[in-house]
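S.K.: Need a 3D model of the sequence below.
(chains A, B, C, D, E, F, G and H, ligands or ions: 10)
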Amino acid sequence: MQTIFKRPEALAVQPTHYCPGCTHGIAHRLIAEAIDELGLRERTVGIAPVGCSVLAFNYFNFDFQQASHGRAPAVATGIKRGRPDLVVFTYQGDGDLASIGMAEIIHAANRGEKFTVVFINNAIYGMTGGQMAPTTMPGQVTSTSPFGRKTDDVGFPIRMCELLSSLRTPAFIERVSLSSPKHIIRARKAILKAFRYQSEGRGFSFVECLSTCPTNWGVTPLKALEWLEEHMMPYYPVQNFKDFEPATPEGGKDAD
Amino acid sequence: MQTIFKRPEALAVQPTHYCPGCTHGIAHRLIAEAIDELGLRERTVGIAPVGCSVLAFNYFNFDFQQASHGRAPAVATGIKRGRPDLVVFTYQGDGDLASIGMAEIIHAANRGEKFTVVFINNAIYGMTGGQMAPTTMPGQVTSTSPFGRKTDDVGFPIRMCELLSSLRTPAFIERVSLSSPKHIIRARKAILKAFRYQSEGRGFSFVECLSTCPTNWGVTPLKALEWLEEHMMPYYPVQNFKDFEPATPEGGKDAD
Amino acid sequence: MAKVLMKGNEAIAESGIRAGGLCYFCYPITPQSEVAEYLSRRMPEVGGAFLQGESEVAVSNMLYGAAGAGVRCWTTSSSPGISLMMEALSYIAAAELPCVIVNIVRAGPGLGGILPSQGDYRQAVKGGGHGDYRCLVYAPSSVQEAVDLMPLAFDRADRYRNPVLIIGDGMIGQMMEPVEFREQEFPSLPEKNWATDGCKGRKPNVVNSLYLNPVEEEQLNRKLGEKYARMERDEVMFEEFNTGKPYRALFVAYGTTARICKTAIKKLAEEGIDVALLRPITLFPFPSERLNELAEPAEFLLSVEMSMGQMLEDIRLATCCRKPVHFYGRQGGLVPSPEEVADEVKRLLGSAKGDR
Amino acid sequence: MAKVLMKGNEAIAESGIRAGGLCYFCYPITPQSEVAEYLSRRMPEVGGAFLQGESEVAVSNMLYGAAGAGVRCWTTSSSPGISLMMEALSYIAAAELPCVIVNIVRAGPGLGGILPSQGDYRQAVKGGGHGDYRCLVYAPSSVQEAVDLMPLAFDRADRYRNPVLIIGDGMIGQMMEPVEFREQEFPSLPEKNWATDGCKGRKPNVVNSLYLNPVEEEQLNRKLGEKYARMERDEVMFEEFNTGKPYRALFVAYGTTARICKTAIKKLAEEGIDVALLRPITLFPFPSERLNELAEPAEFLLSVEMSMGQMLEDIRLATCCRKPVHFYGRQGGLVPSPEEVADEVKRLLGSAKGDR
Amino acid sequence: MQTEAVFAGFGGQGVMLAGMVLAETGMNLGREVVWLPSYGPEMRGGTANCTVIIADEPIASPIVLHPRDIVAMNRPSLEKFCGLMRPGGYVVVNKSLIAVDPDRDDVRVVNVEANRIAIEAGSAKSANMVILGAYVGATGVVPYEALVETAQTVLKKKPKLIPVNLKCLEQGFELGKQARAD
Amino acid sequence: MQTEAVFAGFGGQGVMLAGMVLAETGMNLGREVVWLPSYGPEMRGGTANCTVIIADEPIASPIVLHPRDIVAMNRPSLEKFCGLMRPGGYVVVNKSLIAVDPDRDDVRVVNVEANRIAIEAGSAKSANMVILGAYVGATGVVPYEALVETAQTVLKKKPKLIPVNLKCLEQGFELGKQARAD
Amino acid sequence: MAKKNYLVTIDRNRCKGCELCVHACPKQVLAMSKDINEKGYFFATVVSQPDCIGCKFCGMSCPDSAIEVAALDEAEVAGGI
Amino acid sequence: MAKKNYLVTIDRNRCKGCELCVHACPKQVLAMSKDINEKGYFFATVVSQPDCIGCKFCGMSCPDSAIEVAALDEAEVAGGI
Ligand SMILES: Cc1ncc(C[n+]2csc(CCOP(=O)(O)OP(=O)(O)O)c2C)c(N)n1
Ligand SMILES: Cc1ncc(C[n+]2csc(CCOP(=O)(O)OP(=O)(O)O)c2C)c(N)n1
Ligand code: SF4
Ligand code: SF4
Ligand code: SF4
Ligand code: SF4
Ligand code: SF4
Ligand code: SF4
Ligand SMILES: [Mg+2]
Ligand SMILES: [Mg+2]
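M.R.: Ligands and ions are numbered 1, 2, ... in the order given. Purely as a prediction, here's the structure:
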C-alpha cells in the first residue's frame, strides 16, 4: 500500500481553530506541501499576521514569528536582511495586507525583498467578526457595511495583484482560488513556484488565494465556495500577473 | 496697461524659504492660479506635508493644515468627511506620499475621497538633506545611496500614477513636468482640471509634478531641469492616466 | 427617558451621537468593534459621517483633519490600535485640536489578548507620544457612567481644545447594563474661530504644530503647560465610597476594579472590617489632593488594578509616601475577584508593615 | 586607539557597528540622519545590512523580525519617528526581543522643531506603547559616553532580551567631540536558542506576543515584571559631581543639561555656593536610592531639563517628597545656559520655601 | 438581595439571548441588572456563556466568581460551572444533551429536556426559551408575566416566532415551578 | 583655561570647516575640545555658525551663551554675535564683506580681508582658511605648526588644494599675529 | 492496465463536518455520517470505497487535513483488505 | 495687427537668482544682473524690453513669483512709458 495523499510533514498535527470549511486550512496545507517538496522546512520562518491565522504558528512544523497587524512584510524584510540564508514567507489576510499593511506590502514588493507572500483574500475581516475589508465586494453586507458596500462612498474593492504588478520589481505575482480541486491544483503550483523562486534568490513572490469565510459571510462552507466563484472570481481574475524575468542592468532601460 | 501675468491672489505675498530655482514655487503658483480661476479661495483648505513644503501654509492665502509625515491624505479625508462642502487638497513630496504615506494615498484614492492631490516628485528627500526616496532613479547618488541606487537591493523607482491608476475608483490621474514653459502649461491645465473635478464632486483627483531639487541633486537650477528631462521623464512618462468616467452602478459589472 | 439595556460599546456609540459626535472614524479591533458596527448603521440615520479607515494611523490623522476643520469627531479603539495613534495624538495636542478617543483596553503588551485590562494607564496618563503634552483622561466604571462621560468629554475637548481619552476595559465595552440618556447642560462654548473651514470673511487660519523658531515653540510648550495646570485645578473627578465613617484601609481603584473593591468593602464590612475607596474618575488630572486627605485615617492604601501597578506612582506622589501603598493586581485579562481583594486586605491587616 | 573628532551621530553609528550591530534599519529624520548616512557607506564595508525602510512603523517591525531571527539589530530616529514605533516596541518587549533604539530627541509635541529637547522622557521611561512593559533607557551626556554606551546597550538588550533605548538630544547628535573606541569586555551571553533561524536539529521556535489564555498572559506579565525588577536592582547607572563636600543644593539632570549644570556648579563655586549634581545615566532604572541619599544634605533639589519637568515625578518619588524639588527648564529647542541655571539656584537660595 | 445566574452552552444554543431576556425583565421591573458575556478566544466555535445579575441595590462587581445559579445547556458547561456555584443555588440542566447529573448534593437541580420540548413545540431553536422558563419557574427571580412581556418585546420584529417561543417559555416555566415545589 | 570661539558666516563660506580644523588641532594637542554646530531652520540658505571650545579640563557645558571670541565672515554674523561676546575677547572681522566696524570698544578687533587675500592666493573658496589663520595668529590658542599639520591631514584627500590653503592660512596667521602685537 | 484500487481514510476526530470533501468527490465515495465526533461535528465517512478513483480531490479540499488516500497493490485488493 | 508691446517687471528683492526665467525667455529679454539684492542674490533684470513678445514664459518659470508681465496699450507705447 502506498500513501498518495496525506498531511505534509511541515504541517503540525495540531488541529486548527478555524471554522468548519474555512479555506485557511487548505492554504496552510499547500504551503506545507511546497516546503516539504522543496526540502526547506529546516530553514523556513513563517510570519503569522493578525487575523484568523494569527495562530498559524501552531499549525506548522517550523519556525514562526507572529507579526503586528499588517506589518508582516516589514518583519519578513527584517529577517531576510539579517539572515538572507533563511526562507521566509508571510501569511496574511486581506484586512492585514490590503488595509493597514498596504504600505509595507507595496514597499517590500517594490524593493524586491526576497521572500514569499501568501495572501488570503476572503473579502472580509474574519477574526474581528466580519467587518468590511478593502476587498469586500460591491453591495456585500458586512458588520460595518450593513447596507452593503457602497462604491460611491468607499470605492471599489482593491485588487492587490493588479496593484502590485504595476510595479516593476516583483518577480512573481499570481492569483489563485481555493474554491475547487481544479483551482486548488493551480494554487498548489503557484505556491510551489513562489517558494522555488525564493529559494533560487529571485526576489519577491506573491500568491493571492481567493478564500472563503463561511462564518462571517453567514453561509455554509459549500455555499461559500459558490459565492466565491460567482461573485469574487469575475472581479478578481485567477491568473498569473508576473513571472520572473531577469532584471535589466542597473539604470538600464525600462522593460515595461 | 493690462497685466497679463502676475502673482495670483491665492498666493501669499510672503517670499518662500525654498532654495533658488526649486520648482516647489512653480507648483505653488499653479495651484493658486487654479483656485483663483475657479473662485474657490474662500472655501479651500490646503494640507501641507512634512517635507520642504512643510511651511506651505505661509505661502497661500487661504486656510491650511499641516499634516504629519505621509498622512496628508488621511487628514484631507477627515476634513472632507466632516465638511464635504470644503475644497481640500494635499500637497505632498515623494518621500511623504510614496514612502511613509503609501497606505494613506492608496486608500484615499481607492475610496474615491473627493479631494485633490498635488504630488511633487523630485526623486529625493529634500527637507532632510537628500536621502534616497522610493522615486530616486536607478544609479542616482543620494546621501543614503552613496554608491547610487541599486535596483537589485532596493528595487526600481515607484511610479505613483501607474500604481494608482491600476485602481478602479480614482477619477483623475495625470503626470506633468515643471521643467519648461511648455510643460508648465500642461501642468497648469491638469491642476485646474483636478480642482474643477473636485468642485464638481467627481471624486479623487491626482496630479504628479516632476520637480527638481537643485540643492540635494548638487547642480544648478538649470542643470536640474535638464536632468529632470533627461533622466526622469523617460521613466516617468508625462501623460494622463485616468480621466473621469461615471462610476458603474452599484455592484455592476467591472468596467476595466 | 426610560432605561434601556445596552452593551457598553453600543451605549458609548449612542451617547457619542447624542453628544454631537457626528463624525466618527474607526478601525475594527476587539473588544470594541461593536461601537463601529453600531455607528455604521446609526450614522446615516442622523446624517453623520461614519468611515472605517485603513488603519489606526490613518484614523488618528483623520481626527486631526476633521477636528481642525471644527467638526466634533471621535474614534474608539483598543490598546495596540491606540499605540498606533501616538504620533497623531501628539500632533493633535500640539495643534490644540479637540477630539475624543475611547480606548477599550485589552491585555498587553504586544498583541496580548482581548480580555479586559488596565495596562494602558501609563500610556494614557503619562503620555505615549513624544513631547510635552497631556490628555484629559476619564475612566468610567459602569455603562451608565460611560454614557454620561461622553458629552462631558466632547465638551471638555472643545473647551480646552485638547484631546480627551476615555479609558474603559473590555468589560465596560462588553457588558450590558440599563442606561438612560440624560440631557446634560453645559455653559456655552467659545466659537471655533481657529478652525480651517474656509477663510470667507476672515484671514486664513492655520492648524499647525511646527515651530521652527524655538522661542515660539517654547511659548507653545508653556501655554500648553498652563492649560494642563488649569485642568489639574478644575477637572478633577472622583467618587468616594464608605469614607463617611472610620476605616482602616483605603482602596484606590478605577473603572471595573473599583466596582470589585466596592463588593469587597461590603464583604469586609460583614466581617467588621471597615475599608473605604477612592475611585478616580479622571486619571489625568489625578485626584491627588483628596487622596492625600483620605489617606490620613487609613493604616495603608491598596491599589487594585488590572495591570502591574501602573497607578502606584501617582498614589505615592499624591500621598508623599506617608502611608504604605500596597498593590493587588491581576493581569493578562484576569479580573481580580472581590474575594481575592478582600483576602488581600485581611492579609495586609494581619501583617506588619508593607512597602514604604 | 587615538582619539578622533567625530560628530555624535557618526560616532554612534561607528560604535554601533563595532558593537556588532551589523543590521541597521532607519528612516531619515533630523537631527539624526547622519547616522543613516554614515552607515549607508560603512555597512557594505563591514558586510552588514543597511536598509532605509518606508517608515518608522516599518522600521520598528523590521527590528522585530531581525531581532527575532537572532540578529543584533538597531535603529535611530527622533521624536515623531519614535512615536510611530510604539506599537512595535510593545510587541518587541512582549516577545522579549533584544534590540537598540536611539532617539535623538527634538522639540515637540507634534512636528515641533528640530532643535534639542528632552521632551520624550516620559514616553521613554513610563512607556509610550500599550501594556505593561519597560525599556532600559540610557542617556549619554557626551559623544564619548554615547560611544561607550552602544556596546553596553547591545549587551544588555541581549542579556535581558529586552529593547534598550538610548536617549540623546539634538546636541549629542550634532556636536563633535574627540572620541576613542575602546574595547569593552562583557561576560559571555546566553545562546539565542529561542531565535527563529531555522529549526534544524531542534523543535520549531516561535516569536510571539499573543496569549489568548489569560493565565499565560498573566504569567508573561509577571515574568516581565520580574525582569524589570532585576534591571532596577542591577542596572542603575549615574554620575555624581561635587558630592564630596557639603553642598546646599543638588542638581538632578541628565544628558546635555547635566553638562550645563556642571558649568553652573563651577560658576557658583566661584561665588562660594556649593552645589552638587546627580546625573542619571540610566533613566529607567532611575537612580532613586542614591538620589535619596544625596538629597539628605541639600536644602533643595533642582531638576534642570529641556522639557516641562518630566523628570520631577521620579525625583519626588525617589526622595519621598522629603525635600523641596524645584524645576528649571527651557523648552522648544532652547537650551538653558549655565548662567540661567546658576541664577536660578541663587534665587532659590535667597527665597524662602519652594514647592513641596 | 442579589441573584447571579450563569447561562452557558454551545455557541448557537442561544444562551446569550436567554440571559439578555432575563436581564431585561429585571430592568423593566426597576431592579438593578448586569449582563456580562464571556468574550474571548472561546467565542469561535467553543462554548459561550453570560452572567446575569439581578439585585435590589446597585451592583458593585460585575464579576462573579461563585454565582448562585447555573443554567447549563450542554455538558461542558455543566462541568465548567457547576463546581463554582454557591451551595443552595439552582442548577438547571438540559437533559436533552446532558446525560450525567451534577456531582453536588448541596444545590437544587432542575432537569429539563429543553431540546425535546422545543422540537415538540415546533421550533428546535427555542430550547433556550424552555430552559429560561424553567430557570424562572424554579427560582422565581422575576414574575412570569414580566418575563413573557419582555420576550414579546424582544421578538417584536419576528411576530411569527412569538407563539412558539411563548409556548416553550411556558412549558419550561411549569417544569421549573414543579421542580421548585418538589 | 577655556576659550570659546564662534565661527559664523553665510552658508558655503566654510565656517563650519574652519571651526572643525581648529577643534581637531586642539584635540591633536591633547586638549579638550567641542565643536557644536548651529543646526536648524537657518541651515537652508541662511547663516551658518559653529562654536569651538578648547579647554584644559573636561568641558562641561557645550552651550556658550557668551563666547570669548567671534570670527565673523559676513555682516549679519557680526551683528548677531558681537554683542554676545565677553569683554576682552577677540573679534575677527572679514573686511572683504563687512564694511562696518564692531560697535564695542571692550573687545580686540582683528580686521582681515579674507576674500581678497584668498582670491589673490588663487582660491576664492579659501577665505575660511585666511580667517582661521588670523584667529590663531591673534589668539595663539593653538600653535601655528599644529594648525598647519591638521589642515594638511584634513586636506589629505585633495592634495592639489594643500599649497593654496596653507598659503591662505599663513597670510591670515601673519595678519593675526600683527594685530595681536598692535 | 487493471483498474487500481484506493483506500480513503478519514480521521473522524479531525473532521469538522464541512462537507467540502463530499462535494469535491467526483464519484460520491464520501458522505456525512449521522453520528457526531468528539468535537460535536457530523463527520465525513467513506460510503463506497470501491468507486474511488484516487483523484485525491477529497484530500485537497479538506481544510483540516483529515483525509489520507492510499493506492492499494493488486495483492491487497485481492486479499480483500 | 500692429505688433503689441509688453512690460516685464521683476521684483528684484523676491528674486533668488535661479536664472530659470532667463533660460525660459525665447527672446533673450532677460539677463542676470551683476549686482546683488537684499538677500545677497544676483537678480534677474530686463535687458531688451522691446523684444518681449508677451509669451509669459518667464513668469511661468519663476518659482518665486517675482515677475509680472503687462500688455501695453498703443498709447502707452507711444508715450514711451
Ligand atoms: C493594530 C491593530 N488593529 C486592529 C486589530 C484587530 N484585528 C485583528 S484581526 C483584524 C482583521 C483581520 O482580517 P483579515 O486580515 O482579513 O484576516 P482574516 O481574519 O479574514 O483571515 C483586525 C482588524 C489588531 N489586532 N491590531
Ligand atoms: C514621522 C517622521 N519621520 C520623518 C520625518 C523627517 N522628514 C522630514 S521631511 C522628510 C522627507 C521629505 O521628503 P519629500 O516628501 O520628498 O519632500 P521634499 O522635501 O523633497 O519636498 C522626512 C523624512 C518626520 N518629520 N516625521
Ligand atoms: S471567521 Fe472566517 S476566516 Fe476566520 S476561521 Fe472562521 S471562516 Fe475562517
Ligand atoms: S532642498 Fe530641494 S526641494 Fe527643498 S527647497 Fe531646496 S531645492 Fe527645493
Ligand atoms: S480520491 Fe477522489 S474519488 Fe476517491 S474519495 Fe477522494 S475525491 Fe473521491
Ligand atoms: S473536508 Fe475534511 S473537515 Fe470537511 S467534512 Fe470532509 S473530512 Fe471533514
Ligand atoms: S514674456 Fe516671454 S518674451 Fe517677454 S520676457 Fe517673458 S519670456 Fe521673454
Ligand atoms: S526665475 Fe524668478 S527667481 Fe529665478 S532668476 Fe528669474 S526672477 Fe529671479
Ligand atoms: Mg480577511
Ligand atoms: Mg522629495
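S.K.: what's the closest non-adjacent residue to the closest residue to ligand 1 within chain G?
M.R.: Going by CB to the nearest ligand atom, ligand 1 is nearest to residue G:63 of chain G, at 12.8 Å. For glycine as for every other residue, the C-beta is placed from the backbone atoms N, C-alpha and C. Leaving out its chain neighbours, the residue that sits closest to residue G:63 by CB to CB, 6 or more residues apart in numbering or on different chains is residue A:25, at 2.9 Å.
S.K.: Next, see if the helix or strand containing residue C:233 gets close to chain D.
M.R.: Applying DSSP states H and E as the criterion places residue C:233 in helix C:214-234. Yes - using CB under 8 Å from any CB of the partner chain, a contact is recorded between helix C:214-234 and chain D, made by C:214, C:215, C:216, C:217, C:218, C:219, C:220, C:221, C:222, C:224, C:225.
S.K.: Look at the residue of chain G closest to ligand 1 and tell me its secondary structure.
M.R.: What DSSP: H, G, I helix; E, B strand; the rest coil gives for residue G:63 is coil.
S.K.: And it, how far from residue F:24?
M.R.: Distance, residue G:63 to residue F:24, by CB to CB, to the nearest Å: 69 Å.
S.K.: what does residue C:24 give?
M.R.: Counting by CB to CB, the gap from residue C:24 to residue F:24 is 59 Å.
S.K.: just to revisit the earlier point, so the residue nearest to residue G:63 sits right up against residue A:17, yeah?
M.R.: No - counting by CB atoms under 8 Å, residue A:25 does not reach residue A:17; the two are 10.2 Å apart.
S.K.: List the contacts of residue A:231.
M.R.: The contact partners of residue A:231, taken as CB atoms under 8 Å, 6 or more residues apart in numbering or on different chains, are A:137, A:140.
S.K.: and if we set it to 6 Å?
M.R.: By CB atoms under 6 Å, 6 or more residues apart in numbering or on different chains, the contact set of residue A:231 is residue A:137.
S.K.: One more: residue A:116?
M.R.: A:89, A:194, A:195, A:198, A:205.
S.K.: how much space is there between the last one and residue B:105?
M.R.: So that's residue A:205. Going from residue A:205 to residue B:105 by CB to CB gives 25 Å.
S.K.: Same question for the fourth one.
M.R.: Shown here: residue A:198 relative to residue B:105, a distance of 29 Å by CB to CB.
S.K.: Tell me which of those two has more neighbours.
M.R.: A direct count of neighbours by other CB atoms under 10 Å in any protein chain shown for residue A:198 and residue B:105 places residue B:105 higher, at 28 against 25.
S.K.: pLDDT (mean, whole number) over the helix or strand the more buried one falls within?
M.R.: If you go by DSSP H and E, residue B:105 is part of helix B:102-111. Averaging pLDDT along helix B:102-111 gives 98.
S.K.: Touching it from outside, list them.
M.R.: Contact partners of helix B:102-111, identified using CB under 6 Å, 6+ apart, comprise A:102-103, A:106, A:154-155, A:158, B:71, B:73-74, B:77, B:97, B:164, B:167, B:169-170, B:204, C:54, C:58.
S.K.: same deal with stretch A:127-143?
M.R.: For stretch A:127-143, the external contacting residues (CB under 6 Å, 6+ apart) are A:51-52, A:94-95, A:98-99, A:121, A:123-125, A:144-145, A:148-149, A:151, A:157-158, A:216, A:231, B:250-251, C:28, C:30, C:33, C:37, C:52.
S.K.: tell me the mean pLDDT for that stretch?
M.R.: Confidence for stretch A:127-143, expressed as mean pLDDT, is 97.
S.K.: How about stretch C:129-145?
M.R.: 98.
S.K.: Name whatever forms a beta bridge with residue E:69.
M.R.: Beta-bridge partners recorded for residue E:69 (DSSP bridges): residue E:5.
S.K.: Any regions of chain G where pLDDT drops low?
M.R.: G:1-3, G:74-81 (pLDDT under 70).
S.K.: just the helices in the chain please.
M.R.: Because you didn't say which chain, this covers chain A. Along chain A, the stretches classed as helices by DSSP state H are A:24-38, A:72-82, A:94, A:102-111, A:151-154, A:160-165, A:181-199, A:214-217, A:221-227, A:233-235.
S.K.: my question was about chain G
M.R.: G:20-24, G:57-61, G:74-78.
S.K.: can you list contacts of the first one?
M.R.: It refers to helix G:20-24. Around helix G:20-24, the neighbours that count as contacts under CB under 6 Å, 6+ apart are A:21, A:181, A:221, A:222, G:30, G:31, G:44, G:57, G:58, G:61, G:62.
S.K.: Excluding chain neighbours, what is closest to the second one?
M.R.: Right, residue A:181. Using CB to CB, 6+ apart, the closest residue to residue A:181 is residue G:57 (3.8 Å).
S.K.: picking up where we left off before, which of the residues of helix C:214-234 next to chain D tops the neighbour count?
M.R.: residue C:221 leads the residues of helix C:214-234 next to chain D on contacts (other CB under 10 Å) with 30 neighbours.
S.K.: I'd like the distance between that residue and ligand 6.
M.R.: As judged by CB to the nearest ligand atom, to the nearest Å, residue C:221 and ligand 6 stand 62 Å apart.
S.K.: Run a quick neighbour tally on the spatially closest residue to that residue that is not a sequence neighbour.
M.R.: Once flanking residues are discounted, residue C:221 sits nearest to residue D:331: 3.7 Å by CB to CB, 6+ apart. With neighbours defined by other CB under 10 Å, the count for residue D:331 comes to 28.
S.K.: which SS state does residue D:331 fall under?
M.R.: The three-state assignment at residue D:331 reads coil, by three-state DSSP.
S.K.: Quick check: phi and psi at it.
M.R.: When read as degrees, to the nearest 10, the backbone of residue D:331 gives phi -130, psi 170.
S.K.: Would you agree residue E:52 is in contact with residue E:4?
M.R.: No - look at residue E:52 against residue E:4 with CB atoms under 6 Å: they stay out of range, at 7.1 Å.
S.K.: Compare those two (neighbour count), which wins?
M.R.: Between residue E:52 and residue E:4, counted using other CB under 10 Å, residue E:52 has the larger neighbour count: 29 against 23.
S.K.: Pull the contacting residues for the more buried one.
M.R.: Contacts of residue E:52 (CB under 6 Å, 6+ apart): E:5, E:19, E:22, E:23, E:35.
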